[in-house]
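Visitor: Sequence first, predicted model second:
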Protein chains: 2
Amino acid sequence: MQDRHKAAVRATSADMSEGGADTDDIMRSFIGYSLKRAYLVVHRVAQGALQPFDLKIRSFSALSLIVGRPGITLTELAEVLQVERSNLVLIMDELEQRDLIARVRDPKDRRRYSLHATIRGRRLLEKASAATSAEEGRLTANLTDDELDTLLKLLRKLETGA
Amino acid sequence: MQDRHKAAVRATSADMSEGGADTDDIMRSFIGYSLKRAYLVVHRVAQGALQPFDLKIRSFSALSLIVGRPGITLTELAEVLQVERSNLVLIMDELEQRDLIARVRDPKDRRRYSLHATIRGRRLLEKASAATSAEEGRLTANLTDDELDTLLKLLRKLETGA
DNA sequence: TATAATAGTTCTTGCTTGTAACTAATTTTC
DNA sequence: GAAAATTAGTTACAAGCAAGAACTATTATA
């Protein structure tokens, strides 16, 4: 096994003369650090892309999943998105008020609502997705398609490693 | 240019019969989504690794940079870490109270403090770094060293693409 | 010398997140 | 079949974090 951190410390210490390495080189040995920074950049871009549609990333993801899996329940949605159910309620409220989704009571189990996107919801999602994809595309312009695929594959592998 | 999103929508729509694709496949075409999920996993792990040392990720990063660049000022630190100066003050307060760092007034410019880690600070950082590296190592056990290098390289490329 | 800019700080505000508790409906257990 | 436990959705609340305005002390600029 490599010892990335010790190597990074040595490199940083050797380069006290300023100018060579980045100021945050000592942190770059941690995957979490690079991951967070890349995430922040993409997050900002996605946020910007969704703003014209009055969608936050959270509500965009929710709407996407409802479109992709019509009839999903709030609890299932919360599981997939890895958020607390309680935190989804207000988001559903808003999406419903904007007539982007509908809560349909399940006759088989009257505790549940099955969630469905409206036509409006699907249309909005389509535009918002296109805009977000476009922005992400701009962001990843200096990556080849192969590199992008590799990145996604590795991220997934990392996520599953838990 | 690939159109990842449309491809993902088609795939999801075709697979309404449940069981094949993941429930969040429709979101996987967005880099931001996979990035966030991977980040959340690593974040949780790092948080857990640092808890025994009473360090949050934020204070750990700050301490690392102070160790790596002795004499750095609060404003510089804020720039590197990409946080507001005001939000760093309390963190510096705490690190100083715990005798992990010291604020040394700059005689050339008496508005500034130059930040230095104490011996205690360096010792604690060393242990905390080792623990975090170990946890990250466990998390990335199913990635080869090459894959890890590639991941870091691609993340950096992505981050810079902004 | 007056004005502007900078470093650090304080205070406030909003946002996000998690937790506990509640209602209604269903399932399990005896 | 009645009582107890569980589940879905919801509400209210509290903690933590991030962003911004405004203040003091100090330095740079005009």
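Guide: Happy to help now that I have it.

Visitor: Next up, identify which helix or strand residue A:102 is on.
Guide: Following DSSP states H and E, one finds residue A:102 within strand A:101-105.

Visitor: The following helix or strand past that strand near DNA strand D anywhere?
Guide: Counting by DSSP H and E, the next helix or strand C-terminal to strand A:101-105 is strand A:113-117. Yes - against DNA strand D, strand A:113-117 shows contacts by C-beta under 7 Å from any atom of the strand at residue A:113. Backbone N, C-alpha and C define where each C-beta goes, glycine included.

Visitor: Can you name the next helix or strand after strand A:113-117?
Guide: Next along from strand A:113-117, by DSSP H and E: helix A:119-139.

Visitor: buried ones in that following helix?
Guide: Across helix A:119-139, burial judged by 16 or more other C-beta atoms under 10 Å in any protein chain shown covers A:121-122, A:124-125, A:128-129, A:131-133, A:135-137, A:139.

Visitor: what are the phi and psi angles of the closest residue to DNA strand D within chain A?
Guide: Closest approach between chain A and DNA strand D, counting by C-beta to the nearest atom of the strand: residue A:86, at 2.8 Å. With angles defined as degrees, to the nearest 10, residue A:86 sits at phi -60, psi -30.

Visitor: What about DNA strand D: which of the buried residues of helix A:119-139 touch it?
Guide: On the criterion C-beta under 7 Å from any atom of the strand, none of the entries of these sits beside DNA strand D.

Visitor: of all those, which comes closest to residue B:150?
Guide: Set against residue B:150, the nearest of these by C-beta to C-beta is residue A:139 (18.7 Å).

Visitor: Do you know the pLDDT at that closest one?
Guide: On the pLDDT scale, residue A:139 is placed at 94.

Visitor: ok, now the one 4 residues further on?
Guide: The predicted local confidence for residue A:143 comes out at a pLDDT of 95.

Visitor: which element is the residue nearest to it when sequence neighbours are not counted on?
Guide: In space, and not counting its chain neighbours, residue A:143 is closest to residue B:157: 6.0 Å by C-beta to C-beta, 6 or more residues apart in numbering or on different chains. Per DSSP H and E: residue B:157 is located in helix B:145-160.

Visitor: Around DNA strand D, pick out the residues from chain A.
Guide: Proximity of chain A to DNA strand D, by C-beta under 7 Å from any atom of the strand, involves residues A:73-76, A:85-86, A:89, A:92-93, A:103, A:109, A:111-113.

Visitor: same thing but 10 Å
Guide: Taking C-beta under 10 Å from any atom of the strand as the contact definition, chain A meets DNA strand D at A:36, A:40, A:44, A:72-79, A:84-93, A:96, A:103-106, A:109-115.

Visitor: before we move on, the earlier item: the residue nearest to residue A:143: neighbour count?
Guide: 15 (other C-beta atoms under 10 Å in any protein chain shown).

Visitor: Next secondary structure element downstream of the helix or strand of chain A at the bottom of the mean pLDDT ranking?
Guide: Within chain A, confidence by mean pLDDT, DSSP states H and E is lowest for helix A:4-14 among all helices and strands, at a mean of 59. The helix or strand immediately downstream of helix A:4-14 is helix A:31-50, counting by DSSP H and E.

Visitor: pLDDT weak spots in chain A?
Guide: Flagging of chain A using pLDDT under 70 yields the residue ranges A:1-21, A:162.

Visitor: how about the nearest residue to residue A:102 once chain neighbours are set aside, what does it touch?
Guide: In space, and not counting its chain neighbours, residue A:102 is closest to residue A:116: 5.2 Å by C-beta to C-beta, 6+ apart. Counting by C-beta atoms under 8 Å, 6 or more residues apart in numbering or on different chains, residue A:116 touches A:66, A:70-71, A:101-102, A:104.
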